[in-house]
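Colleague: I would like the atomic coordinates for the input below:
(one chain, ligands or ions: 1)
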Amino acid sequence: THFGFESVSEEEKGGKVHQVFESVAKKYDLMNDMMSLGIHRVWKDFLLWKMQPFPGTQLLDVAGGTGDIAFRFLNYVQAQHRRKQKRQLRTQQNLSWEEIAKKYQNKEDPLGGSFVMVCDINKEMLKVGKQKAVGQGYDTGLAWVLGDAEELPIHDDKFDVYTIAFGIRNVTHIDRALQEAYRVLKPGGRFLCLEFSQVSNPVISRLYDLYSFQVIPVLGEIIAGDWKSYQYLVESIRKFPSQEEFKEMIEDAGFQKVTYESLTRGIVAIHSGFKL
Ligand code: SAM
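Modeller: Now for the predicted structure:
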């Protein structure tokens, strides 16, 4: 494994990952937009579309960083809940829309019992996420927990959905993280992973390599004053297993009905599996 110009062992990887995210936390959201030209937002929206949560869904977002998946989840569930309440009120009581609006505003829980727990190993990333939550007015159904994906501080069979977005490639022992995902999901629960993957088209792959190795570290230096961290991020993307290899790893952890979908020519993929 390489971090910048030094070689690091498997065991050192955890420490390096920690350093990287500690150093990039404050500029993380801006860099995400710059590096992906904003496309990461579309990929994350697509993850929510695949999840299709409903009011009541309990989500654990591991390596959740600054909360991008959690906030999308809360927005999605809240909108679903509002629609459901309006439908119910309208059909049951034949009220006018003004009366319906008044009624559902008075309901106490805008999420219909849904809840998201963001778990991340880095307190700086969580700190930025918490500040965003306050700034954007998210005050219910959200918890922030410091913890390692390889040893989650959570009891067995607790969540309906486990997500990990752009996080699993940073974990030292991916197999342990997958076993932990399996453990904390309820029977019937779903695992969803959004991660960089492998581009199969050779021309696109060449262009993508040029962009990643020539442009991203430069952007990292200009915006965050940190060439090495961004060079590490690019290298960790290239080392991550292919779509098929990762699918097998998920199956080895015990998940069933494992499928994946490549997005943007395989630059990223979403893997899905169920604990049945
Ligand atoms: N999920 C967020 C998103 O999509 O914007 C953040 C992704 S960021 C690229 C990777 C995150 O993984 C960082 O916040 C980092 O602290 C976290 N991370 C790395 N290793 C971890 C581990 N072993 N357990 C939990 N989180 C970890």
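Colleague: Let me see the mean pLDDT of the longest strand seen in the chain.
Modeller: In the chain, with assignment by DSSP state E, the single longest strand is strand 185-196. Averaging pLDDT along strand 185-196 yields 98.
Colleague: which helices and strands does that strand pack with?
Modeller: helix 39-51, strand 159-165, helix 174-184, helix 243-252, strand 268-274 (3 or more Cβ pairs under 8 Å, 6 or more residues apart in numbering; DSSP states H and E). Where C-beta positions appear, they are placed from N, C-alpha and C, glycine not excepted.
Colleague: State the pLDDT value of the closest residue to the ligand within the stretch 51-200 of the chain.
Modeller: Per Cβ to the nearest ligand atom, residue 65 is where the stretch 51-200 of the chain lies closest to the ligand, at 2.8 Å. pLDDT, residue 65: 95.
Colleague: cool, the one 3 residues further on as well?
Modeller: On pLDDT, residue 68 comes in at 96.
Colleague: cool, and residue 234?
Modeller: Looking at residue 234, its pLDDT reads 89.
Colleague: so which strand or helix has it?
Modeller: Assigned by DSSP states H and E, residue 234 belongs to helix 227-239.
Colleague: Surely residue 160 is in contact with residue 59?
Modeller: Yes: taking Cβ atoms under 8 Å as the definition, residue 160 is a contact partner of residue 59 at 6.9 Å.
Colleague: Excluding chain neighbours, what is closest to the residue nearest the centre of the chain?
Modeller: When Cα atoms, centre = their mean is applied to the chain, the residue found nearest the centroid is residue 165 (2.8 Å). Leaving aside its chain neighbours, residue 165 sits nearest to residue 194 (4.2 Å; criterion: Cβ to Cβ, 6 or more residues apart in numbering).
Colleague: Residue 42 is in contact with the one you found, correct?
Modeller: No: using Cβ under 8 Å as the test, residue 194 is too far from residue 42 to be in contact (11.2 Å).
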